[in-house]
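Participant: below is the structure, and that's it, no one-letter string:
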């Protein structure tokens, strides 16, 4: 949550991020990636994350994205669009 709030803070205060519509999670994740790279490069300390829940969380995320789709959107973006042409 801290990373998400950090990203929101930066997007709100840096006009170029707003102008190019850079998503909040991307900004926050980029900052954390940069910090971890600096810590590894300068202090030779490797930090990592526990990825035990990664697959379950990805499945939940993409399921909720799929639940928001309607038939018209699927027709526009899928192979059905090619078949109707």
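Facilitator: Alright, I've got the coordinates. Please read all numbers here as calculations on a predicted model, not as lab measurements.
Participant: tell me the buried residues in the lengthiest helix in the chain?
Facilitator: Secondary structure of the chain read by DSSP state H shows that its longest helix is helix 24-43. Across helix 24-43, burial judged by 16 or more other CB atoms under 10 Å covers 24, 27, 28, 32. (Each C-beta comes from the backbone N, C-alpha and C, glycine too.)
Participant: from those, pick the one nearest residue 51.
Facilitator: Within the buried residues of helix 24-43, the smallest distance to residue 51 is 14.9 Å, found for residue 32 (CB to CB).
Participant: now do the SS call for residue 46.
Facilitator: Under DSSP: H, G, I helix; E, B strand; the rest coil, residue 46 falls in the coil class.
Participant: leaving out chain neighbours, which residue sits closest to it?
Facilitator: The spatially closest residue to residue 46, leaving aside those adjacent along the chain, is residue 40, at 5.6 Å (CB to CB, 6 or more residues apart in numbering).
Participant: quick one: that neighbour and residue 34 touch, right?
Facilitator: No: look at residue 40 against residue 34 with CB atoms under 8 Å: they stay out of range, at 10.8 Å.
Participant: show me what the helix or strand containing residue 58 is packed against.
Facilitator: Assigned by DSSP states H and E, residue 58 belongs to helix 54-67. With contacts defined as 3 or more CB pairs under 8 Å, 6 or more residues apart in numbering; DSSP states H and E, helix 54-67 has no helix or strand neighbours.
Participant: and that helix, average pLDDT?
Facilitator: Helix 54-67 shows a mean pLDDT of 89.
Participant: check stretch 16-29 too.
Facilitator: 95.
Participant: gap between that stretch and the chain center?
Facilitator: From the chain centre to the centre of stretch 16-29 is a distance of 10 Å (CA atoms, centre = their mean, to the nearest Å).
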